[in-house]
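Asker: any chance you could fold what I've pasted below:
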Amino acid sequence: MTDMLVKLYDLAVDWPAVMAHQQQGIHYRQPLGSEVEAILQWVGDRFSAGWRSEVGVAFSQRPSRGLIAVEGGELLGFACYDAAALGLFGPMAVAEPYRGRGIGRLLLQLTLDQMRVAGYAYAIIGWVSSEAFYAKTVGAMPIPDSRPGLWRTALKINSSGS
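Answerer: This next block holds a predicted model:
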């Protein structure tokens, strides 16, 4: 898996899709402080200890460094940044039953837009699982020789989730 670079100053957010989701009851927002522990449990149950740790770092900041997708009080997915390193997007995930509805695409776009608003000109998406998805969705470009990058000396307990 490689890292990818995104030009945030060229980022386009699909605002009509965000509004359509909102009308359907799917909301994208920052987590409340009182929700962080429940989100960490959710992430740990579905993904990895490494991701749980990184989400904890991102969501313990104020303002939080990322967003959640919620429908009817249920957590559908999350995206965060500045978790493993400053300027690094991720992790991001959507729960299996909710995939294919565009939630991941909008979490990606909206969280990268949050980075842009915070003053970042570029974002690095670390250790991507699908170069095609990130290239199509936000114009991300592979960074040559970036594997294993930041995670080359990671502890074995975190290597699967970063």
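
Asker: from here on, just use CA atoms for contacts and neighbour counts.
Answerer: OK.

Asker: show me the shaky parts of this protein.
Answerer: 157-162 (pLDDT under 70).

Asker: quick one, helices of it?
Answerer: Counting by DSSP state H, the chain has helices at residues 15-24, 36-46, 49-59, 103-117, 131-138.

Asker: dump these into CSV; add distance to A83 and mean neighbour count as well.
Answerer: As requested, the helices of the chain are arranged in CSV below (distance: least, C-alpha to C-alpha, whole Å; neighbours: other C-alpha atoms under 10 Å):
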stretch, distance to A83, mean neighbour count
helix 15-24, 25, 13
helix 36-46, 13, 15
helix 49-59, 5, 22
helix 103-117, 12, 22
helix 131-138, 19, 16
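
Asker: a markdown table for these, including distance to D3?
Answerer: Converted to a markdown table, these look like this (distance: least, C-alpha to C-alpha, whole Å):
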| stretch | distance to D3 |
| --- | --- |
| helix 15-24 | 26 |
| helix 36-46 | 22 |
| helix 49-59 | 17 |
| helix 103-117 | 15 |
| helix 131-138 | 9 |
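
Asker: nearest to L5, out of those helices?
Answerer: Proximity to L5 (C-alpha to C-alpha) singles out helix 131-138 among those, at 9.4 Å.

Asker: from the contact counts, what lies against that closest one?
Answerer: helix 103-117 (3 or more C-alpha pairs under 8 Å, 6 or more residues apart in numbering; DSSP states H and E).
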